[in-house]
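Enquirer: Generate a structure from the sequence data that follows.
(one chain, ligands or ions: 1)
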Amino acid sequence: MKISCLGPRGTFSDEAAHRYYKGSQVDYHMCGTLIEVIEAVADNQADQGFVPIENSIEGSINITLDGIIKHKLMIQAEVIFPVSMHLLVNEGVQVKDVKEIWSIPPALAQCREFVRELKVPTKDFPSTSMAAEAIKKTTRCDVAAVGSEWAGSLFGLDIAVRNIEDFQDNQTRFFVVTKESDSMDFTQKSLLLINPEKEQAGVLSSILNVLSALGINLTWIESRPTKRKLGSYQFFMEVELGGQHPALSKTMTILSTLGHDVRLLGSYNSIKL
Ligand SMILES: O=C(O)C(=O)C[C@]1(C(=O)O)C=C[C@@H](O)C=C1
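Expert: I've put the predicted structure just below:
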């Protein structure tokens, strides 16, 4: 099985994917950007993609959400992975020497307070490990990357400051995405994408009322612009109902009857690493 994943080696995605697929026969297709990870699945270059979807400090990763919508991908599994951010530097560099910090925007955002206190500019990279690799290549002593301990050891960097994330118990939620989902029986959760029939007062609450009337627990809700005009949204709604549960098809039927466009993006289990 071929798995697309954000590269180069040493990203949090890479670390979490290797733990998730441990013991399985898989080949990794490492991609330069998150959108390429999704496109690799859409273009059949990979059977599954391993993508970050949400972080406990920074919230949703919109590039991934929009890519799933655009390429009509399905969710096969949810993986929760603990994430610790460190300030990675060339040998001997101290935090007082650092004049610029490099990383992928969600990682920089998880360390916003630390970066603000240091009063230095940041530079965006497509991944934490690409930033770490660039630090090593420059040999500069006035720049640092935000990344994992593993990325630091892979690229031979020192850790100038440990655990620089703004809040403890930082976690990132990943989705395993595919073109076609396998059997959806005996799963814990399901993800719906709902495009409301029209924008009118109370449309979201009318959708939520259906879930509430059927006693369904909503575990995540996120809105994304339809991109057709300002103020027009579609909703990701994750519910605590497996694919086998009759209430899932009942919910979808009722919402469709009310004129909403409802797509099931998958039913899956959640795995904590
Ligand atoms: O750049 C990486 O290391 C990634 O795997 C991406 C990513 C993300 O975009 O959220 C994954 C987990 C962490 O939240 C920080 C970065």
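
Enquirer: So in terms of bridging, what pairs with whichever residue of the stretch 151-273 of the chain sits closest to the ligand?
Expert: Across the stretch 151-273 of the chain, the shortest distance to the ligand (C-beta to the nearest ligand atom) belongs to T172, at 3.8 Å. (Glycine included, C-beta is placed from N, CA and C.) Taking DSSP bridges as the rule, T172 bridges to N55, F81.

Enquirer: show me what contacts it?
Expert: F12, A16, P52, E54, N55, S56, I80, F81, V83 (C-beta atoms under 8 Å, 6 or more residues apart in numbering).

Enquirer: quick one, what contacts the third one?
Expert: When contacts are counted by C-beta under 8 Å, 6+ apart, P52 is found next to L6, F12, S13, L34, I61, T64, P106, T172, R173, F174.

Enquirer: Please apply the same query to the last one.
Expert: With contacts defined as C-beta under 8 Å, 6+ apart, V83 is in contact with F12, N55, Q110, S148, E165, N170, Q171, T172.

Enquirer: ok, 6 Å please
Expert: Contact partners of V83, counting by C-beta atoms under 6 Å, 6 or more residues apart in numbering, are F12, N170, T172.

Enquirer: Show the contacting residues for the first one.
Expert: Pointing back at F12 there. V83, S148.

Enquirer: If we use 7 Å, what do you get?
Expert: Counting by C-beta atoms under 7 Å, 6 or more residues apart in numbering, F12 makes contact with F81, V83, T128, S148, T172.

Enquirer: Look at the second one and report its pLDDT.
Expert: Per-residue confidence for V83 comes out at a pLDDT of 97.

Enquirer: all strands for the stretch 101-250 of the chain, in order.
Expert: Listed in chain order, the strands of the stretch 101-250 of the chain (DSSP state E, counting those that start in this stretch) span 122-124, 143-147, 158-161, 171-178, 189-195, 218-225, 233-239.

Enquirer: which SS class is the residue at the greatest distance from the centre of the chain?
Expert: Most distant from the centre of the chain: G92, at 33.3 Å, with distances by C-alpha atoms, centre = their mean. What DSSP: H, G, I helix; E, B strand; the rest coil gives for G92 is coil.

Enquirer: who in the stretch 51-200 of the chain is up against the ligand?
Expert: P52, N55, I61, V83, I104, P106, A107, S127, T128, S129, T172 (C-beta under 6 Å from any ligand atom).

Enquirer: mind running it again at 8 Å?
Expert: 52, 55, 58, 61, 64, 81, 83, 85, 103-107, 110, 126-130, 147-148, 151, 170, 172, 174 (C-beta under 8 Å from any ligand atom).
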